[in-house]
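Trainee: Sequence and computational prediction follow.
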Amino acid sequence: MTGFPLQIEADVRRRLASLGISPGDIAERFVRGTGPGGQKINKTSSTVWLRHQPTGVEVRCQAERSQASNRARAWAELCAKLEARRASASAAAQAEREAERRRKRQKSRGQKVRMIENKKHRARIKQARRGGGYEE
């Protein structure tokens, strides 16, 4: 069941729009809560459950006794999760670009000198191995 007869806060609509997400992509259900709370929890559907279908991100909120305040919290939490997901994806892409840039850059003069010295050292070690064969 989607909750569009009920209004979503303007802040949440703005955050969803900045992420490029339509509120129609989000399934909203009101379910009975769990845990301590007695009759109020067991009889009313004050827990709000939201799921963004394309990504599968889910949020469940039963922090308050009021369905309306749980709903506002759940929508804000869903926005925060989706924003964090987007931020981590862009950070990973940036890290990959930086790693590629470091791999492709030219070696400094000092690096080249050290590389040549290491090669010469390795060649001397190999040369020393060759010389001591068995003779009769």
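Mentor: Received it, and whenever you're ready, just let me know what you need.
Trainee: from here on, contacts and neighbour counts on C-alpha atoms
Mentor: OK.
Trainee: Just the C-alpha atoms of the helix or strand of the chain with the lowest mean pLDDT, please, in CSV.
Mentor: Taking mean pLDDT, DSSP states H and E as the measure, the helix or strand of the chain with the lowest value is helix 39-43, at a mean of 73. Below are the C-alpha coordinates for helix 39-43, written out as CSV (Å, rounded to 0.1, in the frame of the first residue of the first chain):
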residue,chain,number,x,y,z
GLN,A,39,-2.2,-3.5,24.2
LYS,A,40,-1.3,-0.2,22.4
ILE,A,41,1.5,-1.9,20.4
ASN,A,42,-0.5,-5.1,19.8
LYS,A,43,-3.7,-3.5,18.5
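Trainee: In it, which residues are buried?
Mentor: Ile41 (16 or more other CA atoms under 10 Å).
Trainee: following it, which helix or strand comes up?
Mentor: The helix or strand immediately downstream of helix 39-43 is strand 47-52, counting by DSSP states H and E.
Trainee: Excluding its own residues, what touches the least confident helix or strand of the chain? List them.
Mentor: Judged by CA atoms under 8 Å, 6 or more residues apart in numbering, the contacts made with helix 39-43 from elsewhere in the structure are 32-35, 65.
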